[in-house]
Structure formats: C-alpha cells, structure tokens
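>>> just a sequence and a predicted model for now, questions to come.
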Amino acid sequence: MPTSRTVLLTGAAGRIGTHLRALLPAHGHRLRLLDVRPVPGEPEAVTADLADPAATTDGGGSSGEALRKALDGVDAVVHLAGIPVEAPFAEILRANIEGTYRLYEAVREAGVRRVVLASSNHAVGFTPLPAEGGRPLPVETPHRPDTFYGLSKCFGEDLASLYRDRHGIETVSLRIGACFPEPTSVRMLSVWLSPGDCARLVHAALTAEGVGHTVVYGSSANTRAWWDLSPARALGYAPRDDSEPYAAALLAAEAGTAQVGAGLVGGEFCGPEPPRRHPR
C-alpha cells in the first residue's frame, strides 16, 4: 500500500492522538481529525460521538452525515477513539464496542480499505509474564482480558478479523503498551512506547502491503521488553527508543513497594480495583 494521502485520525484530542497529530505528518500523511471533543487549534476537525446513533447513522443502517463527511476521500483510518481505561461496562459498551462497530460499518460503506486499530496489551492482561530470559510473548497469545476495557479490545481485534474476511477491509491491530514521553513506573520499562516510536509504528501499519488482519505488539525497543516485536518489525517498524536510561531512577523509587498484579501482563489492571485513569 502506498503512503496514505489522507488519514482519518479518530480520538484526535486524546493523549496518543495529540502525539500523532504532531508526528504523523512528517511521515507523509495528511490528517483529518475526529473526536467527541473539539480539537484545540483545529477548527475544521469533525466533532462527533461515534457511539451516538443520531450522530453516526440516519436510522437506515447507513453512516450518518458527520462520519460520511469525515471519511469522504480518506485512504485509511487510525482509530484511537474510546475510553482508554477501565469504566463501568455500560460505558465501555457504548464507547469502545458500539463506537468501533459503527466506525467499521461507516468504513465499509465509504470503501476505505485500511484501518489501524488501537488495541491494547490489556487484551491479554491476565497472561503470566515470561520467565526472565525466556521467550517473549507472541501475538498468538490467547485473549485473557483483565478488565471490561481489555475485553473491548478483544472485541475490536475480532471485529477487525470479521471485516477482513467478510468485507476485505485490512486492519493492523496494535496492542499498545504505555505511550508517554518517558516511562514513569517500573512496569513501563517493559511496555513503554515512546511517542516517536508510536508514530513510526502507525506509519508502518498504514503503509505495509498485504496485511490482511495483523495483530502486533506496540512498544519501543526496550531492553526489558516482555513481548515479541518481530511481527511489527515485519511491517517495517524500526523502533529507535529504549526505556533503559530511565531504569535506575524508577527501580530506586519503587524499591520495596508491593506491586499489584506483579507477574501478569496487565499489572494493576489485574487487581481488585483497576485504574479508572491511566496509571503514570
């Protein structure tokens, strides 16, 4: 697939969306923005709630005016919109599950052939961590969601697979770790995805040929990484960053502290009270 000319970025006002708004254009992509909130400094961005049938459908099963406008002339979609942490099931159902379904239906109607879907490592959160020095976790690891949020990401991956087989829409599902300017916990030393590497990963997912439905893990080239990045590298992803320069300070800061969910991919998301805001 050639470099996308125009990419619809959903969730453009969010944390990762804000990083990608700044970084993806340098990779040759022209962005069109969509979010439930106005995007600061972007008066032409489309403001719409993907989970709202009134905003996204006309009642007859076809995509509604806001989403039709957003998808008109688009070559690909990067789908970040949704709740990025745990929430009551009804909220997750509306925003992450129904919203993603409505997006795929609109993509199908618009004839867009490529989606990059923000999945999450929390789709496999209850998976035990690999032994030190052992084989990294493969993408074939079965779904073991740690929260309703993680469950919604399992749904997104499976929905993408269905739309590939039934409608020919290609998707790369990115099981993103933690995308922040720098890691802020010991756990993040293993799952950190720098903003620069996030843009490089999304660019690779947008431009690789013949992806069908591909699932990849999304982290930087961390010395302490838990999972196998070779499927992402096969798309052309070449991470440049490593969390190791932050390790000494973070290890010292957390020394002697009991870690909820230690030994599991999802960390504290596997605890009795999963975070309702992203742990930093």
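Perfect, thanks for sending it. Numbering: from 1, shown residues only.

>>> rest of the way, CA atoms for contacts and neighbours
Noted.

>>> with residue 126 as the reference, measure out to residue 216.
Look at residue 216 and residue 126: by Cα to Cα, to the nearest Å, they are 18 Å apart.

>>> more crowded one of the two?
Neighbour count, other Cα atoms under 10 Å: between residue 216 and residue 126, residue 216 has more, with 27 against 22.

>>> after the longest helix belonging to the chain comes which helix or strand?
Longest helix in the chain by number of residues (criterion: DSSP state H): helix 148-167. Once the chain leaves helix 148-167, the next helix or strand it forms, by DSSP states H and E, is strand 170-176.

>>> run through who's touching that next one.
113-123, 157, 160-161, 163-164, 193, 205, 210-219 (Cα atoms under 8 Å, 6 or more residues apart in numbering).

>>> what mean pLDDT would you report for the following helix or strand past that strand?
Sequence order places strand 178-179 as the next helix or strand after strand 170-176, per DSSP H and E. The average pLDDT within strand 178-179 is 97.

>>> strand 178-179 pairs with which strands?
Note on strand 178-179: by DSSP bridges, its sheet partners are strand 192-193 (parallel).

>>> for residue 268, which three-state class applies?
helix (DSSP: H, G, I helix; E, B strand; the rest coil).

>>> so it makes contact with residue 259?
Yes - counting by Cα atoms under 8 Å, residue 259 is a contact partner of residue 268 at 7.4 Å.

>>> please say which of these two ends up with more neighbours.
Set side by side, residue 268 and residue 259 show more neighbours around residue 268, with 19 against 13, by other Cα under 10 Å.

>>> which residues touch that one?
259, 260, 261, 262, 274, 275.

>>> how far away is it from residue 125?
10 Å.

>>> thinking again about what came up before, restricted to buried residues, select the contacts of residue 268 in ChimeraX.
Per 16 or more other Cα atoms under 10 Å, the buried members of the contacts of residue 268 correspond to this ChimeraX selection:
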select :260,261,274
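
>>> most widely separated two among the contacts of residue 268?
262 and 275 (14.9 Å; Cα to Cα).

>>> the helices in the stretch 101-250 of the chain, which residues?
With helices called from DSSP state H, counting those that start in this stretch, the stretch 101-250 of the chain shows them at 148-167, 188-191, 195-207, 230-234, 247-254.

>>> may I have the longest one as PDB, with CA atoms only?
C-alpha atoms of helix 148-167 as PDB (Å, rounded to 0.1, in the frame of the first residue of the first chain):
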ATOM      1  CA  PHE A 148     -14.000  -4.600  30.600                       C
ATOM      2  CA  TYR A 149     -11.600  -2.200  28.800                       C
ATOM      3  CA  GLY A 150      -9.400  -5.100  27.900                       C
ATOM      4  CA  LEU A 151     -12.500  -7.100  26.800                       C
ATOM      5  CA  SER A 152     -13.400  -4.300  24.400                       C
ATOM      6  CA  LYS A 153     -10.000  -4.600  22.800                       C
ATOM      7  CA  CYS A 154     -10.600  -8.300  22.300                       C
ATOM      8  CA  PHE A 155     -13.800  -7.400  20.600                       C
ATOM      9  CA  GLY A 156     -12.100  -4.800  18.400                       C
ATOM     10  CA  GLU A 157      -9.500  -7.400  17.200                       C
ATOM     11  CA  ASP A 158     -12.200  -9.900  16.400                       C
ATOM     12  CA  LEU A 159     -14.400  -7.400  14.700                       C
ATOM     13  CA  ALA A 160     -11.400  -6.400  12.500                       C
ATOM     14  CA  SER A 161     -10.900 -10.100  11.600                       C
ATOM     15  CA  LEU A 162     -14.600 -10.400  10.700                       C
ATOM     16  CA  TYR A 163     -14.500  -7.300   8.500                       C
ATOM     17  CA  ARG A 164     -11.300  -8.600   6.800                       C
ATOM     18  CA  ASP A 165     -12.900 -12.000   6.000                       C
ATOM     19  CA  ARG A 166     -16.300 -10.700   5.100                       C
ATOM     20  CA  HIS A 167     -15.600  -7.300   3.500                       C
END
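
>>> in terms of secondary structure, what does that helix contact?
helix 89-92, helix 99-110, strand 114-120, strand 170-176, strand 213-218 (3 or more Cα pairs under 8 Å, 6 or more residues apart in numbering; DSSP states H and E).
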